[in-house]
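*Asks:* Take this sequence and fold it.
(one chain, ligands or ions: 1)
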Amino acid sequence: MRQKRAKTYRKLMSLYSMSFGFRQPYQILVDSELCKASVDHKIELVKQLGTVLQGEVKPMITQCCIHELYLQRGQQPAVDLAKTFERRKCNHREPIPGDECLASVVGDSNKHRYVIATQSTPLRTKLRLIPAVPIVHINRSVMILEPPSDTTIRAKALMEQKALNSTASTETALLASLSTSTEPVPRKKRGPKGPNPLSVKKKKTPNLLPQPQLTKSPSKASLDGKDVGSGKQEKGEDKKSDDTHKRKRMEDNKGDEATAGSSNIVMSESTGSSRKRKRRRKGASNTSDSNVIHES
Ligand SMILES: [Zn+2]
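*Replies:* The predicted structure follows:
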């Protein structure tokens, strides 16, 4: 078998396995005409079936199909070959034509997952209307696995669609849970209104406070006082900015605590000194705790 064809067949069998639950050893229902053809063309039937389906195979024959061979004269080699296969009980008391027997065994869904090896063109046409029926036939001396029928492809697409829908529903559920969890994140971003105050404060304080005092104080005494004053002013401003930073921090904390009681207390205490605020902040956290207890 050529490499390209082998690849095609491997893909095809993996489709049947993945989408429709075909498993090795593949159960192959062989009809009487195919037994005859393999004898005529001196094909090692079981070996060829294994090569084409690329796996372990279990050839089978129905009672009706082997009966067809018994009725024909001069087909002893084909009968001998068929006798080596496992007999598939079809429960047809009076033997019926092989095509009809195989069609009835496959049914309308091929629930037993048979591979059908048949030389009958009408039967092959019929089986193409049933999803997931791998069909094998012999053309001259070459065994051929048919490409998947339109029905099979449609059935596969339908199954994939169903699978997609189920995953889509789980995805939407995940997204919903994510959206609820992401709600607090933008709030936190709104709170600071600028760069992180903790990082900004540390950079500013050494530049504004000590440098003018240290550099300018020894040279001019009269200006020194002004400098110091300005330094103090700067200090005051800096303190103010510190306070705002602290307020912001507290607001952040307020946001974190997310309790109405604690936020009220923090707002009222914003006019007081930082120490008081710190104490109150502890108090606020305590009240928030108590609030939480009350709520629970
Ligand atoms: Zn039968």
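*Asks:* The helix or strand that L158 is a member of: which residues count as buried?
*Replies:* When secondary structure is defined by DSSP states H and E, L158 falls within helix 150-182. In terms of neighbour count (16 or more other Cβ atoms under 10 Å), helix 150-182 has its buried residues at 152, 155-156. To be clear about C-beta, it is placed using only N, CA and C from the backbone, and glycine gets the same treatment.
*Asks:* So which elements touch it?
*Replies:* helix 3-20 (3 or more Cβ pairs under 8 Å, 6 or more residues apart in numbering; DSSP states H and E).
*Asks:* Now do the helix it packs on and helix 150-182, the angle between them.
*Replies:* Angular relation of helix 3-20 and helix 150-182 on a 0 to 180 degree scale: 60 degrees, by axes from the mean of the first three to the mean of the last three Cα atoms, to 10 degrees.
*Asks:* Next, the buried residues of helix 3-20.
*Replies:* Applying a neighbour-count criterion of 16+ other Cβ under 10 Å, the buried positions in helix 3-20 are 9, 12-13, 15-16, 19-20.
*Asks:* Show me what secondary structure element comes after that helix.
*Replies:* Read in the C-terminal direction, the helix or strand following helix 3-20 is strand 26-30, with elements assigned using DSSP H and E.
*Asks:* and that next one, C-alpha only, in CSV?
*Replies:* This file holds the C-alpha atoms of strand 26-30, laid out as CSV (Å, rounded to 0.1, in the frame of the first residue of the first chain):
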residue,chain,number,x,y,z
TYR,A,26,-12.4,-4.2,14.2
GLN,A,27,-15.3,-6.5,13.5
ILE,A,28,-15.6,-6.9,9.8
LEU,A,29,-18.7,-8.5,8.2
VAL,A,30,-17.5,-10.1,5.0
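*Asks:* and the residue of the stretch 151-296 of the chain found nearest the ion, how far is that from L127?
*Replies:* Of all residues in the stretch 151-296 of the chain, T151 sits closest to the ion, with a separation of 23.6 Å (Cβ to the ion). Between T151 and L127 the distance is 9 Å, computed by Cβ to Cβ, to the nearest Å.
*Asks:* again with D150
*Replies:* The span separating D150 from L127 equals 12 Å under the rule Cβ to Cβ.
*Asks:* Mind jotting down where the strands sit in the stretch 101-250 of the chain?
*Replies:* Using DSSP state E, counting those that start in this stretch, the strands of the stretch 101-250 of the chain run over 114-117, 135-139, 142-145.
*Asks:* Please read off the pLDDT at the nearest residue to Q54 once chain neighbours are set aside from the model.
*Replies:* Leaving aside its sequence neighbours, Q54 sits nearest to R10 (Cβ to Cβ, 6 or more residues apart in numbering; 5.3 Å). As predicted, R10 sits at a pLDDT of 95.
*Asks:* List the buried residues of the helix or strand hosting V46.
*Replies:* When elements are defined using DSSP H and E, V46 is found to belong to helix 45-53. Judged by neighbour count (16+ other Cβ under 10 Å), helix 45-53 contains these buried residues: 45-46, 48-50, 52-53.
*Asks:* M13 reaches G55, doesn't it?
*Replies:* Yes. With the criterion set as Cβ atoms under 8 Å, M13 and G55 qualify as a contacting pair; they are 6.7 Å apart.
*Asks:* Common neighbours of these two, please.
*Replies:* Here M13 and G55 have Y26 as joint contacts, going by Cβ atoms under 8 Å, 6 or more residues apart in numbering.
*Asks:* before we move on, back to that, outside of the helix holding V46, which residues touch it?
*Replies:* Outside helix 45-53, the residues that reach it (Cβ under 8 Å, 6+ apart) are 1, 9, 13, 26, 28, 30, 34-35, 38, 56-57, 59, 81, 84, 115, 117, 134, 136, 143-145.
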